[in-house]
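S.K.: sequence isn't available, so here's the structure alone:
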């Protein structure tokens, strides 16, 4: 591959002689500003070096198909191997993020991907929804996320035509100065907690929610401490009305005490019309209960693969959305705008993490995993199965129960005649070598549709998913 790169005139990079990305526009800046904002929030909270594991996967096959072909891995490895900010890029970020401290930009200048590990399914393989195409492990603040997702999104469509803090006590710097600098709150975290209690005890809101998710509250608080002038929260990580909105309001009211105005919330799943209306009622109740002028008009943004048809349907239904976030359908073809890759945190500092949603298709599968393809007697693949990292691997000739991750009744026993481990290490961090073979296996193109939709989890992983789900989901309160 190196010879081919040289023949094509590729410029050598700094990652052990690995060629740079084919497109010279692909640099560390080819990402969302949001990624740098989150990296700053991690850095500000002293969490930027925490060891995190992310899964990159997709939720459904494009064009209503039954399988997808994986492409784009080599370009991702090229990008990771040559990841380094140039001086002019740092100057650009300083201008774009004028409120960030100088130490953060010094940190950005020093980072590369030498402490990042990449595990992936071989390029050219047949792949299915939910199974990780890539697993990225490394420091949580290294912002490669958007470019990797964008690159895989585009490549796979061509082939086939959650800052997580465990609690508020982990926030190190709790102080926040007022917007005019006249005073300083030494413990903004306690201020947020006091507001949450006041909201829970408010007569007009009593019974609407119980205990909120404290990991989510910690993430909101940490981000508000880093960006008090631009606090806009995604509120559907666990439950919009039982956790996300109350947690947002607690942080927003604490910011209001310090002279700041929260930017609003974003809804990215579920019934957008209904949730926006209920959220507006909640905001108005807060304004009336606590006398915070204008809080009832707090901005509500909606996203989630919106296009003109879905927005027209929302308008006919009636909603309280102030602004729509449209990206995918704005710049891509309508028939299959993008594969819909997602990049989710599944573990941090050896602690499994899960993203919950009222839309079960958006619930993530937690912890670092191993993935296998099980083959039957005729040599055809039967099903892909995910297990926990420390679980024993499936054995040839041994019966194994394969379960749908979320539907209890969808399960099947399989006695595999051949077991293939899907994920291989393609970037082992500080190693100077890498290997990205093209792995087309046309015999897989005739694989049958399995009763489990090609993807399953082990019994142990199934039990753990649902244990963590119940542990993290907010509990409602009946009055």
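M.R.: Sure, I can see it. The shown structure was predicted, so the numbers you read here are calculated from the model rather than taken from an experiment.
S.K.: residues contacting stretch 32-49, please?
M.R.: Residues from elsewhere that reach stretch 32-49 (CB atoms under 8 Å, 6 or more residues apart in numbering): 50, 93, 96-97, 100-101, 103-104, 107-108, 139-143, 145-146, 163, 165, 170-173, 222-223, 225-227, 230. Yep, even glycine has a C-beta here, placed from its N, CA and C like the rest.
S.K.: so what's the residue count around residue 467?
M.R.: For residue 467, the count of nearby residues is 12 (other CB atoms under 10 Å).
S.K.: next SSE after the helix or strand of the chain with the lowest mean pLDDT?
M.R.: Ranked by mean pLDDT, DSSP states H and E, the helix or strand of the chain with the weakest confidence is helix 2-7, at a mean of 36. Per DSSP states H and E, the first helix or strand lying C-terminal to helix 2-7 is helix 33-44.
S.K.: from the chain's centre, how far out does that following helix sit?
M.R.: How far helix 33-44 lies from its chain's middle: 14 Å, per CA atoms, centre = their mean, to the nearest Å.
S.K.: what comes up buried for that helix?
M.R.: Going by neighbour count (16 or more other CB atoms under 10 Å), the buried part of helix 33-44 is 35-44.
S.K.: do stretch 193-207 as well
M.R.: 193, 195-196, 198-200, 205.
S.K.: just send the buried residues of helix 33-44 back as CSV, with pLDDT and distance to residue 355 too.
M.R.: Formatted as CSV, those follow (pLDDT from 0 to 100; distance: CB to CB, whole Å):
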residue, pLDDT, distance to residue 355
35, 84, 17
36, 89, 21
37, 88, 19
38, 86, 15
39, 89, 19
40, 91, 22
41, 88, 18
42, 88, 17
43, 91, 23
44, 90, 23
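S.K.: dump those into TSV; add distance to residue 251 as well.
M.R.: Putting the buried residues of helix 33-44 into TSV (distance: CB to CB, whole Å) gives the following:
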residue	distance to residue 251
35	21
36	21
37	16
38	16
39	20
40	17
41	13
42	17
43	19
44	15
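S.K.: can you tell me the average pLDDT over stretch 405-420?
M.R.: Stretch 405-420 carries an average pLDDT of 94.
S.K.: other residues contacting that stretch?
M.R.: Here stretch 405-420 has contacts from 130, 360, 363, 365, 372-377, 379, 382-383, 385-386, 393-404, 450-452, 455-457, 462, 465, using CB under 8 Å, 6+ apart.
S.K.: can we see that at 6 Å?
M.R.: 360, 365, 372-375, 377, 382, 394, 396, 399-404, 451-452, 457 (CB atoms under 6 Å, 6 or more residues apart in numbering).
S.K.: just stretch 469-477 next, same as before
M.R.: For stretch 469-477, the surrounding residues in contact (CB under 6 Å, 6+ apart) are 207, 210, 212-213, 239, 242-243, 354, 356.
S.K.: name the nearest of those relative to residue 346.
M.R.: Nearest to residue 346 out of the contacts of stretch 469-477 is residue 354 (CB to CB; 7.7 Å).
S.K.: need the contact list for the closest one.
M.R.: Going by CB under 6 Å, 6+ apart, the list of residues near residue 354 reads 364, 366, 468, 472.
S.K.: what's the neighbour count on the third one?
M.R.: Going back to what we said before, that points to residue 468. 17.
S.K.: ditto for the last one
M.R.: Counted with other CB under 10 Å, the neighbours of residue 472 add up to 20.
S.K.: tell me the confidence at it?
M.R.: Residue 472 is given a pLDDT of 86.
S.K.: and if you look at the second one?
M.R.: Predicted confidence (pLDDT) at residue 366: the value is 95.
S.K.: for it, what are phi and psi?
M.R.: Dihedral pair for residue 366: phi -80, psi 170, per degrees, to the nearest 10.
S.K.: any idea how far residue 284 is from it?
M.R.: Residue 366 sits 36 Å away from residue 284, going by CB to CB, to the nearest Å.
S.K.: so residue 215: helix, strand or coil?
M.R.: With DSSP: H, G, I helix; E, B strand; the rest coil as the basis, residue 215 sits in helix.
S.K.: wait, I meant residue 90
M.R.: Judged by three-state DSSP, the three-state class of residue 90 is helix.
S.K.: show me the contacts for it.
M.R.: 105, 109.
S.K.: list the buried residues in stretch 204-217.
M.R.: 205, 208-209, 212-217.
S.K.: stretch 286-294 too?
M.R.: Quick answer for stretch 286-294 (16+ other CB under 10 Å): 286-287, 289, 292.
S.K.: one more: stretch 457-476?
M.R.: 457-458, 461-462, 464-465, 468, 472, 474.
S.K.: which ones among the buried residues of stretch 286-294 map onto helices?
M.R.: Among the buried residues of stretch 286-294, DSSP state H puts 286-287, 289 in helices.
S.K.: now those residues in a markdown table, please, with extra columns for pLDDT and distance to residue 300.
M.R.: Below are these laid out as a markdown table (pLDDT from 0 to 100; distance: CB to CB, whole Å):
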| residue | pLDDT | distance to residue 300 |
| --- | --- | --- |
| 286 | 97 | 13 |
| 287 | 97 | 14 |
| 289 | 95 | 19 |
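S.K.: export these to JSON lines and tack on distance to residue 28?
M.R.: JSON lines is the format used below for these (distance: CB to CB, whole Å):
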{"residue": "286", "distance to residue 28": "40"}
{"residue": "287", "distance to residue 28": "42"}
{"residue": "289", "distance to residue 28": "45"}
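S.K.: is it fair to say residue 190 lies in a helix?
M.R.: Yes. Looking at residue 190 with three-state DSSP, it is inside a helix.
S.K.: contacts only, for the residue lying closest to it once chain neighbours are set aside.
M.R.: Leaving aside its chain neighbours, residue 190 sits nearest to residue 174 (7.7 Å; criterion: CB to CB, 6 or more residues apart in numbering). Residues near residue 174 by CB under 6 Å, 6+ apart: 187-189.
S.K.: quick check on these: which are buried?
M.R.: 188-189.
S.K.: wait, which of the contacts of residue 174 is closest to residue 427?
M.R.: residue 189 (37.4 Å).
S.K.: thanks again, I'm all set now.
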